[in-house]
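[1] here is a sequence together with a model predicted from it:
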Protein chains: 2
Amino acid sequence: MSAETTTDWIKIVSSRLAADQVSVSEGERYRHSHDESDHSAVEPELVCFPETTEDVQAILETARQFKVPVTAFGAGSGLEGQAIPVQKGISLNFERMNQVLHFAPEDLLVTVQPGITRLTLNQRINRHGLQFPVDPGADATIGGMAATNASGTTAVRYGVMRDQILDMEVVLADGSVIHTGTKAKKSSSGYSVGGLFTGSEGTLGIITEITLKLHAIPEHTIAASCTFDTPRECAEAANSVLLMGIPVQRMEFVDAPSIKKVNEYGGYGLPEKHSLFFEFAGLTQSAIEDAQIAEELLIDQGAQNWHVAADAEERASIWKARHEMAYAYRHQPGVAVTGGDVCVPISKLPDLLEHGRELIETSGLEGGLLGHIGDGNFHTCIVYDPTSVEQKELAFGINDQLAFRAIELGGTCTGEHGVGLGKRKFQETEHGAALTLFKNMKQMLDPHNILNPGKIFE
Amino acid sequence: MSAETTTDWIKIVSSRLAADQVSVSEGERYRHSHDESDHSAVEPELVCFPETTEDVQAILETARQFKVPVTAFGAGSGLEGQAIPVQKGISLNFERMNQVLHFAPEDLLVTVQPGITRLTLNQRINRHGLQFPVDPGADATIGGMAATNASGTTAVRYGVMRDQILDMEVVLADGSVIHTGTKAKKSSSGYSVGGLFTGSEGTLGIITEITLKLHAIPEHTIAASCTFDTPRECAEAANSVLLMGIPVQRMEFVDAPSIKKVNEYGGYGLPEKHSLFFEFAGLTQSAIEDAQIAEELLIDQGAQNWHVAADAEERASIWKARHEMAYAYRHQPGVAVTGGDVCVPISKLPDLLEHGRELIETSGLEGGLLGHIGDGNFHTCIVYDPTSVEQKELAFGINDQLAFRAIELGGTCTGEHGVGLGKRKFQETEHGAALTLFKNMKQMLDPHNILNPGKIFE
């Protein structure tokens, strides 16, 4: 694109918004050039701060006219580069579209704008005894979580982001505004397109409104942990809890090296063995019964160090430690960390976890495995020296091998982080003939490839 | 289509299958001309019985070449005419593709062919302590349930058909065979197209394989019922149970006229008042606690006749009565029955139920309201004399008014029966601009309109 044309479209977009809704400042362009992944930063040419759906339509109209890429930006907490405007153009920041539009506690529903973050939303609704439970760790925006189909520690109980969304308002590349559903809890009307836009990473349309299911805050919550000698035993024990039908609220695996790392980082004093962390929640007697039956089942299978958190404070400390695991690796000066995100049928986890530990140990690199064992989803944290090409290749090689192995085992290259840039290379292997359908859908919905170009497809 | 061309394609399809895999007999054409709805029967020109995915591909290849409509047929238990080949052509009966392909109890997963029915599947897996809980009443095929996004009495706990499907094999109109997902419990890879094919009623592709989530059979189950003076009180009380976070397994509403009707039909001796039916299930103490807390909450709100089923036999009798409600209306000689299927946010139910009763009483027709109150979904059963144009118009008018009112209230014209023929007229009102997207998707996936033409769109 020539400099003159660039000036043209920036002028036109700017003319259609208020002066403070656009920025070409170095600071804003830098802020919108990266996320929390290790993918290379690329700066947008223009940052826009839409305040209404009509603003989004106006921006897309000009983008369409000048074939300018438009990449949505939430909190910048993504882990696969989804918010990086790799082909430059416009970064669409939703921080001003952050309102609760309609809160209906009696329907366990809330309609929000995409820029609200999950913690802000919960602050607003918790006092009514309600929660929005999807918890990816970071204080991501609801729009970003919808666009990447985020999940996290509570998916084992409540499902993923896609399961929470009843309706979305989406602006399509052609400027039309659609709703993907209704506010009824279920529907068999029309084609169900909500699940398709969820997780499409802003490549099929721009989400401007989201209606979410809410859940009652459980009356009683119990956190507990235990250890095993091997990752395999952890996976097998976790699966026995699921097969028993115990409705765990969270069930997390952390390997021994990662426990050691977070102990060093935060002084948690956790037993430095392969560990499972649990949360049981519900009506009081139910939660107590769940925890007791799980304890018996786990002890039978050789669990050691069974420990129930004494109070809410200790419970919070356990989950703080769990959330700091990845950071414990990342905080070390002078190193980079790359993370995998495989998900497999649960019976395949023991093998895959063992394989993961072997790959890390053979590589000589520092690294750990941790994740959402009840979903069959785990992450790697592999530490490497970013100045060493050899180490970087080794680190990425481990994740690549795990991803291909996960697909072979009937699983996926990404359980929750999304495709973005890093998982594009696995799409053909994972999806086969369906990839042609995906490309046809992209072509139909975004014929000029202006919506987050360069993501999902190579 | 000229008679000669018809002969051509019937010959070609027949030549690609075994002799017993095709039929033009009067009996088979009649069997494939209707479902359980009151929509007019239309006979296919040819009935095919595919045994493999390759058979389906071969049939679609000829259908594409000669532009012959292809309509999938499961158990014929649909309620909106989805299986009726309204533009004739081929009826594709899946009764020979009825196998369990892969049962993985350790992963709570099963992969089946579309022609297996839900009761046959449950017979196969129940002995392993597992269940496939979606229960639309009829012994529908899993393929039919996927194609219409069926649900029923247990959706309040387990979700609808779309929530149970991890992966499908789908043959597209162009002959390609795709998989919509993997066997991992969650994924953020590629575009999520599984939810789109679910509920698309065979208009976007033909489902040839389905991987379903399974659930542990609860350790303990308690059935209970109570009555209220008005439908409004029933709806408000049901919602209070949900807001309390009590994980009911079933929660059904039946109005007083329908209770009276089923008592007459089956001699159940139920109190002839507006009623709620509950099932609580889980670990033993949890289920007992759930039932006790629900009882206290309901009595506080004026519930009468609280009754807990004494044993499994009485529990089965309650659900048998519930499933026979619609039949109690239909079995009367010389009458026809039309049924609505609206679903709204739960807070809108009291008004809509009241409105429904008023419409029925004003019409002078016999009729009842019953349904899945925990989902905001209820049905009408309206009895009319099929020889009276006036009565038929009155009966259909009630359902039309309820459907438009449900859409106004943020709900949907069909909570679970699907669009088929009867709900096409509401699509524009309910989906607005999204209807253009639906049509574009249909056009992209089925450019010659050979897949179940005449359904969903008018």
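    All right, it came through fine. Values in this document were obtained by computation on a predicted structure and should not be read as measured data. Residues are numbered from 1 along each chain as shown, chains lettered A, B, ... in the order given.

[2] so what's the spatially most central residue of chain A closest to, chain neighbours aside?
    In chain A, the residue lying closest to the centroid (CA atoms, centre = their mean) is A:Ala150, at 3.3 Å. Spatial nearest neighbour of A:Ala150, chain neighbours left out: A:Pro136 (4.4 Å); criterion: CB to CB, 6 or more residues apart in numbering or on different chains. All C-beta spots, glycine's among them, are computed from the backbone N, C-alpha and C.

[3] quick check: the one you found touching A:Ser151?
    Yes: A:Pro136 is within contact range of A:Ser151, at 6.6 Å (criterion: CB atoms under 8 Å).

[4] list residues touching both of the two?
    Common contact partners of A:Pro136 and A:Ser151 (CB atoms under 8 Å, 6 or more residues apart in numbering or on different chains): A:Glu416.

[5] compare the two (neighbour count), which wins?
    A:Ser151 (29 against 24; other CB atoms under 10 Å in any protein chain shown).

[6] so who does the more buried one touch?
    A:134, A:136, A:159-161, A:372, A:375, A:377, A:415-416, B:186, B:188.

[7] got a winner among these for most neighbours?
    Neighbour-wise, the contacts of A:Ser151 (other CB under 10 Å) top out at A:Asn377, 32 neighbours.

[8] separation between that residue and A:Pro114?
    Counting by CB to CB, to the nearest Å, the gap from A:Asn377 to A:Pro114 is 25 Å.

[9] which pLDDT does the model give A:Ile318?
    pLDDT recorded at A:Ile318 is 88.

[10] and for the one 4 residues further on?
    Per-residue confidence for A:Arg322 comes out at a pLDDT of 88.

[11] same for the helix or strand harbouring it, what does it pack against?
    Assigned by DSSP states H and E, A:Arg322 belongs to helix A:312-330. Packing partners of helix A:312-330 (3 or more CB pairs under 8 Å, 6 or more residues apart in numbering or on different chains; DSSP states H and E): strand A:220-228, strand A:250-254, helix A:256-266, strand A:274-282, strand A:336-338, strand A:366-372, strand A:377-384.

[12] 10 Å instead?
    For helix A:312-330, the elements it packs on are strand A:220-228, strand A:250-254, helix A:256-266, strand A:274-282, strand A:304-308, strand A:336-338, strand A:366-372, strand A:377-384, judged by 3 or more CB pairs under 10 Å, 6 or more residues apart in numbering or on different chains; DSSP states H and E.

[13] quickly, which of these bottoms out on average pLDDT?
    In terms of average pLDDT, strand A:336-338 trails the rest of the helices and strands packed on helix A:312-330, at a mean of 92.

[14] end-to-end on stretch A:211-222?
    Stretch A:211-222 stretches 30 Å from its first residue to its last (CA to CA, to the nearest Å).

[15] then stretch A:150-163 to CSV, C-alphas only?
    C-alpha atoms of stretch A:150-163 as CSV (Å, rounded to 0.1, in the frame of the first residue of the first chain):
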residue,chain,number,x,y,z
ALA,A,150,-10.9,-19.5,26.3
SER,A,151,-11.4,-21.9,29.2
GLY,A,152,-9.1,-22.7,32.2
THR,A,153,-9.4,-24.3,35.6
THR,A,154,-13.2,-24.5,35.9
ALA,A,155,-14.0,-25.9,32.4
VAL,A,156,-14.2,-29.4,33.9
ARG,A,157,-17.3,-28.2,35.7
TYR,A,158,-18.8,-25.4,33.7
GLY,A,159,-17.5,-26.0,30.2
VAL,A,160,-15.6,-23.7,27.9
MET,A,161,-16.4,-20.2,26.7
ARG,A,162,-18.4,-21.6,23.8
ASP,A,163,-20.7,-23.3,26.3
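
[16] touching, A:Gly367 and A:Gln391? I think so.
    No: the pair formed by A:Gly367 and A:Gln391 falls short of the contact definition of CB atoms under 10 Å, at 11.3 Å.

[17] can you list residues touching both of these two?
    A:382-384 (CB atoms under 10 Å, 6 or more residues apart in numbering or on different chains).

[18] whichever of these end up buried, select them in PyMOL.
    Buried residues within the shared contacts of A:Gly367 and A:Gln391, by 16 or more other CB atoms under 10 Å in any protein chain shown, are selected in PyMOL with:
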select buried, chain A and resi 382+383+384
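
[19] just the ones in strands from the contacts of A:Ser151, please.
    When DSSP state E defines the strands, the subset of the contacts of A:Ser151 inside them is A:372, A:377.

[20] which ones among the contacts of A:Ser151 map onto helices?
    A:Met161 (DSSP state H).

[21] return the member of the contacts of A:Ser151 nearest to A:Thr71.
    B:Ser188 (17.7 Å; CB to CB).

[22] hang on, the earlier thing: what about A:Gly367 and A:Gln391, which has more around it?
    Remark: of A:Gly367 and A:Gln391, A:Gly367 carries more neighbours, 27 against 19, as counted by other CB under 10 Å.

[23] residues touching that one, list them.
    Contacts of A:Gly367 by CB under 10 Å, 6+ apart are A:255, A:257-258, A:261, A:329, A:337-340, A:356-357, A:359-361, A:380-384, A:395, A:398-399.

[24] any of those residues buried? List them.
    A:255, A:257-258, A:261, A:329, A:337-340, A:356-357, A:359-360, A:380-384, A:395, A:398-399.

[25] and stretch A:354-371, how far from the chain's centre?
    22 Å (CA atoms, centre = their mean, to the nearest Å).

[26] before we move on, what about stretch A:47-67?
    Mean-position distance between stretch A:47-67 and its chain equals 26 Å (CA atoms, centre = their mean).

[27] can you pull out the helices in the stretch 51-200 of chain A?
    A:53-66, A:118-126, A:142-148, A:155-158, A:161-164, A:194-197 (DSSP state H, counting those that start in this stretch).

[28] angle of the helix or strand just after the last one against helix A:118-126?
    Yep, that's helix A:194-197 we're talking about. The element immediately downstream of helix A:194-197 (helix or strand, assigned by DSSP H and E) is strand A:206-213. Strand A:206-213 and helix A:118-126 meet at an angle of 40 degrees, taking axes from the mean of the first three to the mean of the last three CA atoms, to 10 degrees as the criterion.

[29] ok, strand A:206-213 near chain B or not?
    Yes: counting by CB under 10 Å from any CB of the partner chain, chain B has neighbours in strand A:206-213: A:Thr211.

[30] ok, A:Ile450 - contacts?
    A:Ile450 touches A:60, A:63-71, A:87, A:89-90, A:173, A:203, counting by CB under 10 Å, 6+ apart.

[31] now it: closest residue in space that isn't a chain neighbour?
    Nearest to A:Ile450 is A:Ala63, by CB to CB, 6+ apart, at 5.0 Å.

[32] excluding its backbone neighbours, what's nearest A:Gly194?
    That would be A:Thr180: by CB to CB, 6+ apart, it lies 3.7 Å from A:Gly194.

[33] what's the spacing between that neighbour and B:Ala312?
    Counting by CB to CB, the gap from A:Thr180 to B:Ala312 is 42 Å.

[34] pLDDT averaged over stretch A:348-364 - what is it?
    Rounded mean pLDDT across stretch A:348-364 is 97.

[35] touching chain B at all, that stretch?
    Yes: applying CB under 10 Å from any CB, one finds stretch A:348-364 touching chain B at A:348-349.

[36] next, the buried residues of that stretch.
    A:348-350, A:352-353, A:355-357, A:359-360, A:363.

[37] what sits against A:Val68?
    So A:Val68 contacts A:1, A:5-6, A:9-10, A:12-13, A:44-46, A:59-60, A:62, A:87-90, A:448, A:450 (CB under 10 Å, 6+ apart).
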